[in-house]
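Chemist: This is the structure alone, sequence omitted:
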């Protein structure tokens, strides 16, 4: 999985430095055919990282046999892929199982605990990052957009003042000269100004009130 900042003339916008990470994340390098790192920062403008994680997998005795390793891998994929944590974000995919620890028999149940170490690609958003999102809902209060699994709310106060809400046949935000609109399924370039991290979910708040932000043609 490689995240390449879309090639767009808006790349001339001012830099958005990212704060230092409080835990180890390895940005995925761009592919040779890509335009290269985003010029908006000294780091690659990517929210995809490769990390090493750990997970305890419990197996019932009925799974013990010659295919136990394949069973461990399958249960790991089922349990972690698509999940979210406030620290690492969403686990997109498990790339490999690095280590299977010493199994521990659970007294009274017959289950066996297998500690696994694995590498995974995660999707971790950051405050201050500029992203291209798809509008999934429009209302008088603003609009909701999505970047993969991350939903970002843009309130009416974070939409430029020369735009107004038009309920009409299809709810939308439209500029006073009717040249710019924000409707469902449109693509918006917005800036993340806040993130709310919960145990199993992350929510974002965005703005369109800076240069080079807004609907993309």
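Modeler: Sure, I can see it. Not measured: the values here are computed from a predicted model.
Chemist: tell me how far the ends of stretch 193-206 are from each other?
Modeler: 5 Å (CA to CA, to the nearest Å).
Chemist: Check stretch 174-187 too.
Modeler: 14 Å.
Chemist: what's the answer for stretch 172-183, then?
Modeler: 5 Å.
Chemist: So which residue of the chain lies furthest out from the middle?
Modeler: residue 108 (40.6 Å; CA atoms, centre = their mean).
Chemist: Just say helix, strand or coil for residue 157.
Modeler: The three-state assignment at residue 157 reads helix, by DSSP: H, G, I helix; E, B strand; the rest coil.
Chemist: Spit out the contact partners of it.
Modeler: By CB atoms under 8 Å, 6 or more residues apart in numbering, the contact set of residue 157 is residue 142. For every residue, glycine as well, the C-beta is placed using N, CA and C.
Chemist: quick one: low-confidence ranges for this protein?
Modeler: Filtered on pLDDT under 70, the chain yields the residue ranges 1-45.
Chemist: residue ranges of the helices in it, please?
Modeler: 68-80 (DSSP state H).
Chemist: got the contact list for the nearest residue to residue 54 once chain neighbours are set aside?
Modeler: Excluding the flanking residues, the one nearest residue 54 by CB to CB, 6 or more residues apart in numbering is residue 117, at 5.4 Å. By CB under 8 Å, 6+ apart, residue 117 lies in contact with 52-54, 97-99, 101.
Chemist: Now tell me what touches stretch 204-212 from outside.
Modeler: Here stretch 204-212 has contacts from 10, 12-14, 125, 133, 145, 147, 150-155, 158-160, 188-196, 213-214, using CB under 8 Å, 6+ apart.
Chemist: One more: stretch 86-101?
Modeler: Here stretch 86-101 has contacts from 1, 23, 25, 47-53, 69, 72-73, 76-77, 80-84, 114-125, 148-150, 197-199, 202, using CB under 8 Å, 6+ apart.
Chemist: So how do I select the buried members of these in ChimeraX?
Modeler: Buried residues among those (16 or more other CB atoms under 10 Å), as a ChimeraX selection:
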select :25,47,48,49,51,53,72,73,76,77,80,84,114,116,118,120,121,122,123,124,125,148,150,202
